[in-house]
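Participant: No sequence on hand, only this structure:
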């Protein structure tokens, strides 16, 4: 099956990922905490930019392919034998196995994955972190909505979203002001917030826009997200991964507990609690079903937890 259609659904980049990254110490092969940047060559999919961090103490890490897959991927079984590096990548469609040579500050290797030809890759030491903290844009900064192909369906969604932005005060819930509309894609938040052209109702369009904005919000420098993540780890030790109950992986399901709750919370601020509850009930029959059902069943817990940690947007 084509790799593009096996990617993680939407962006699972959230503050819980930030928590994971900031807890990953000793990631360098030489000295200090290093980030590696380079290229994965997927043949027909082209050469994709990549960033990685490795935690040799825990034999794990993260990989980001921002132009192909809008979520950080787990690296597992990371090990070094002599000048050789071995690790696996946790794609939604199954693991990929990588072996490489470490030559100074450069890694050169090959990725093997069922269903696609062997893919060469290289990574070099870089100074920039994989994921930077998000700063909320100013009110004066314009929100730019672009249509990917200038298709009538895309332009119709653009017009509907502009109408919603004029009708409601969404400024408190906006953390990125670059929006793309692209027919046929799975909505995602990074690297650019992107919506598709398939929304039957304005509530669905509004909720999805808020959902993707909440992914950006969870990347702000707010310690409350780390506390919420710790609480979730204790309360929900077993998570579904497979769709439609889960979000494609246990990690993504875990991250969406916070994002989907914030989607409901901000939606209730905009259209009212009763209508937002109706939408929440509807989503238990769509995708991320376990996530939305859990939020609905434990709503008092979620509301109290996020309020106590100062995460409710007013």
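Facilitator: Nice, I can see it. A quick note: this is a predicted structure, and the numbers were derived from the prediction, not measured.
Participant: Pull out the buried residues from whichever strand or helix holds residue 118.
Facilitator: Residue 118 belongs to strand 116-126 when assigned by DSSP states H and E. Buried residues in strand 116-126, counted by 16 or more other C-beta atoms under 10 Å: 116, 119-123, 125. In short, each C-beta sits where N, CA and C put it, glycine included.
Participant: tell me the contacts of residue 281?
Facilitator: residue 296 (C-beta atoms under 8 Å, 6 or more residues apart in numbering).
Participant: Tell me the helix or strand right after the helix or strand hosting it.
Facilitator: For residue 281, the host element (DSSP H and E) is helix 273-283. Counting by DSSP H and E, the next helix or strand C-terminal to helix 273-283 is helix 289-297.
Participant: Helices along the stretch 151-300 of the chain, start to end?
Facilitator: Taking DSSP state H, counting those that start in this stretch, the helices of the stretch 151-300 of the chain run over residues 152-167, 202-217, 224-235, 250-271, 273-283, 289-297, 299-308.
Participant: Dump those into JSON lines; add mean pLDDT and distance to residue 93 as well.
Facilitator: Shown next, in JSON lines, are the helices of the stretch 151-300 of the chain (pLDDT from 0 to 100; distance: least, C-beta to C-beta, whole Å):
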{"stretch": "helix 152-167", "mean pLDDT": "98", "distance to residue 93": "28"}
{"stretch": "helix 202-217", "mean pLDDT": "97", "distance to residue 93": "22"}
{"stretch": "helix 224-235", "mean pLDDT": "90", "distance to residue 93": "26"}
{"stretch": "helix 250-271", "mean pLDDT": "93", "distance to residue 93": "13"}
{"stretch": "helix 273-283", "mean pLDDT": "98", "distance to residue 93": "24"}
{"stretch": "helix 289-297", "mean pLDDT": "98", "distance to residue 93": "20"}
{"stretch": "helix 299-308", "mean pLDDT": "98", "distance to residue 93": "31"}
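Participant: got these as CSV, with distance to residue 177 columns?
Facilitator: Shown next, in CSV, are those (distance: least, C-beta to C-beta, whole Å):
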stretch, distance to residue 177
helix 152-167, 11
helix 202-217, 10
helix 224-235, 22
helix 250-271, 16
helix 273-283, 24
helix 289-297, 27
helix 299-308, 24
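Participant: do you know which of the ones you listed lies nearest residue 63?
Facilitator: Closest to residue 63 of those is helix 250-271 (C-beta to C-beta; 12.4 Å).
Participant: coming back round to it: out of the helices of the stretch 151-300 of the chain, the one nearest residue 138 is which?
Facilitator: Between those, helix 202-217 lies closest to residue 138; by C-beta to C-beta that is 14.7 Å.
Participant: between the buried residues of strand 116-126, which is nearest residue 101?
Facilitator: residue 122 (10.0 Å).
Participant: tell me the domain ranges of the chain?
Facilitator: Segmentation of the chain into domains, based on automatic domain parsing, reads 3-126, 144-308.
Participant: Any idea which of those gets closest to residue 133?
Facilitator: The nearest among the domains of the chain, by C-beta to C-beta, is domain 144-308 at 4.4 Å.
Participant: Quick one: end-to-end distance for that closest one.
Facilitator: Taking C-alpha to C-alpha, to the nearest Å, the first and last residues of domain 144-308 lie 34 Å apart.
Participant: One more: stretch 37-57?
Facilitator: Across stretch 37-57, first to last residue, C-alpha to C-alpha, it's 21 Å.
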